[in-house]
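**Student:** Sequence first, then the predicted structure, then my questions.
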Amino acid sequence: PATRDLVAASLKGQDFLSAEQCQPNQALDYGGLAVLNDAWLRFHLGDLFQDIGSVRQRGLIKAVILSRLLFPCAKLSLAQKAQGTWLAQACGLDAEESFDEDDIYYAMDQLNGRWVGMEKQLYQGAFPQAVRLVLYDLTSVYFEGKGPEHLARYGHSRDHRGDRPQIILAVATDTEGLPLHVSVLRGNRNDTQTLQGLLHTLRRRFGIAEATFVFDGGMSSRINLEAMDQAHLGYVTRLSASTLQSLAAELGLEKQLELGDRQRLLEVTHKGKRYVIAGGPWRQQRDQERRQCRIGKAETQLQRIAARKRKKVDVQKLASQVGRMLQRLKAHKYFIYRVEANGQLRWERKADLIAQEAQQDGWYLLHTNEPVERCSGAQVLSHYKGLLDVEEAFCELKSYLEVRPVHHRRPDRVVNHVRLCFLAYWLSARLGSDWRAKGVSEEVPRVLRHLQTIRLGRLQMGEHVHSTLMTQIPKKLNEQLQKLELTRLFAAPPKL
């Protein structure tokens, strides 16, 4: 019967080929790029670049931004990474686009002198109502090599790369982690010197006149807090552990902190200032483990130094060496040490200090100028926890989006590199906010990379190439697409 059907179909003019003559043609990774391209259109990001450079340059800028979320790489490697993907077509570029490194740099140069207007437009589109709560944090990004003059400086490295020159990134976000503003600062800039510049920029650029700012203790200098009071701006900030100890001693709270339930908030007003003392069991355990680890490492090093045989002992030099070691391990405050005239190193733990610190494990001190009527203690804590979420987002900014390490040498290109990473971060944060509302909390880049396994291709039959086909979507991915309401993007494949 099968042979009879074939003969009948042939007599009707139909052609038949062997299975060996049918093969896929031009298969491209598609899924993640389809989602990003849809988000680019929905959020009107193309409007930011409509007057910038040529059509191809705008396409190259878009390609750099999208690639940051799917396959972050150096500009030199983008052509290789883009091979076998739908990136060129998603960005309105020719399918055979070369992604030449120099052309990408020239496209990035088109951002010079235009960023302020772009950031304003981005803010107005994302925040039709003025932002009332601003989370502010800093991070560092190091360079391979010397880095650009006037920007690259040695300073406190949050990447633990004090041997590399760096820049400081200052980022302000809303409570959902959606970024409002990014500044690129010299690498040796002190944390306390960054806040007032941010306040001036946000008020001038975005018209933020009334808001509560949340920032970490490194920026809570007396001058900064006084400046915020004078500007009638609210703030929530964390103060140091030593400040907590001093406050507890002045108010006689030591026993209360020792025996207190760390799930409960303690609110204190002292000398006209409002404080909220908060904590948690997991933080208590973390503080204990951190202190024990520091003490353990320090004693191991002290034993090693004491056991070393020396022909000639310089007492002052040896004591200085021990002091530097303890400072490096952040254990200096836990020990009393001395070097005897014969070169023998002696040390002992400060048992009273360690016991006092253990009583306050798990507690931390928040300070705010907001009145209780406008911001309860629970809200103060919630605001600060939002900042901790932003710090986690910084990890995403520097790992998934690969801001670091930076290889550029011109200051303007370093700044534009950060700006493109900022836009990729903005796109990721905006998608993440939408997806969390739909019950998906997985990291956006991870989801996109899973979706990227959905591929497009053409079926070649003999000498003829037929219409575009899409690979079958696995059941698990299809369920995720339904949850994210993205199945419409994969209902029919685009033309190649």
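**Tutor:** Arrived safely, thanks for sending. In this text, all values refer to a predicted model and were calculated from it rather than measured experimentally. Numbers count the residues shown, from 1 in each chain.

**Student:** number of nearby residues for Gly124?
**Tutor:** For residue 124 the amino acid is Gln, not Gly. Other residues near Gln124 number 11, with proximity taken as other CB atoms under 10 Å. (Glycine included, C-beta is placed from N, CA and C.)

**Student:** Secondary structure of it: a helix, I assume?
**Tutor:** Yes: assessed with DSSP: H, G, I helix; E, B strand; the rest coil, Gln124 lies in a helix.

**Student:** roughly how far apart are it and His44?
**Tutor:** Look at Gln124 and His44: by CB to CB, to the nearest Å, they are 11 Å apart.

**Student:** mind listing what's buried in stretch 197-215?
**Tutor:** Neighbour-count burial for stretch 197-215 flags 198-199, 201-202, 206, 208, 211-215 (criterion: 16 or more other CB atoms under 10 Å).

**Student:** and what of stretch 337-352?
**Tutor:** 337, 339, 345, 347.

**Student:** Next: stretch 116-124.
**Tutor:** 118-119, 122-123.

**Student:** can I get the residues you listed in CSV with distance to Gln356?
**Tutor:** Formatted as CSV, these follow (distance: CB to CB, whole Å):
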residue, distance to Gln356
Met118, 52
Glu119, 47
Leu122, 49
Tyr123, 47
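
**Student:** which residues does the spatially closest residue to Gly234 that is not a sequence neighbour bridge with?
**Tutor:** Counting by CB to CB, 6 or more residues apart in numbering, Gly234 lies nearest to Thr212, which is 3.7 Å off, once chain neighbours are set aside. Listed beta-bridge partners, Thr212: Leu133, Gly234 (assigned using DSSP bridges).

**Student:** Do I have it right that Thr212 meets His232?
**Tutor:** No: when contacts are counted by CB atoms under 8 Å, Thr212 is not listed as touching His232 (11.3 Å).

**Student:** ok, and the helix or strand in this structure with the lowest average confidence?
**Tutor:** Here the helix or strand of the chain ranked lowest by mean pLDDT, DSSP states H and E is helix 254-259, holding a mean of 59.

**Student:** re earlier: measure the residue nearest to Gly234 to Thr368 for me?
**Tutor:** 8 Å.

**Student:** between these two, what contacts are shared?
**Tutor:** 234-236, 375 (CB atoms under 8 Å, 6 or more residues apart in numbering).

**Student:** Which one of these sits in the busiest neighbourhood?
**Tutor:** That'd be Val236 among these, by other CB under 10 Å, with 26 neighbours.

**Student:** could I get the buried residues of stretch 197-215 as a markdown table with secondary structure and pLDDT?
**Tutor:** Output for the buried residues of stretch 197-215, formatted as a markdown table (DSSP: H, G, I helix; E, B strand; the rest coil; pLDDT from 0 to 100):
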| residue | secondary structure | pLDDT |
| --- | --- | --- |
| Leu198 | helix | 84 |
| Leu199 | helix | 85 |
| Thr201 | helix | 87 |
| Leu202 | helix | 86 |
| Phe206 | helix | 89 |
| Ile208 | coil | 83 |
| Ala211 | coil | 83 |
| Thr212 | strand | 85 |
| Phe213 | strand | 85 |
| Val214 | strand | 85 |
| Phe215 | strand | 83 |
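
**Student:** Relative to Gln316, which of those is nearest.
**Tutor:** Proximity of the buried residues of stretch 197-215 to Gln316 (CB to CB) peaks at Phe215, which lies at 41.3 Å.

**Student:** Of the buried residues of stretch 337-352, which belong to strands?
**Tutor:** Taking DSSP state E as the definition of strands, these contribute 337, 339, 345, 347.

**Student:** what bits of the stretch 201-350 of the chain have low per-residue confidence?
**Tutor:** By pLDDT under 70, the weakly predicted segments of the stretch 201-350 of the chain are 254-263.

**Student:** would you list every one of the strands in it?
**Tutor:** 212-215, 234-239, 266-270, 273-279, 335-339, 345-349 (DSSP state E, counting those that start in this stretch).

**Student:** Buried residues, the fourth one. List them.
**Tutor:** Yep, that's strand 273-279 we're talking about. Buried positions in strand 273-279, judged by neighbour count with 16+ other CB under 10 Å: 274-279.

**Student:** Save these as TSV, and put in distance to Leu111 too.
**Tutor:** Converted to TSV, these look like this (distance: CB to CB, whole Å):
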residue	distance to Leu111
Arg274	43
Tyr275	44
Val276	42
Ile277	45
Ala278	42
Gly279	45
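
**Student:** Which single one of these is nearest to Ser77?
**Tutor:** Ala278 (45.4 Å).

**Student:** correct me, but the closest one touches His367?
**Tutor:** No: counting by CB under 8 Å, Ala278 stays clear of His367, with 11.7 Å between them.
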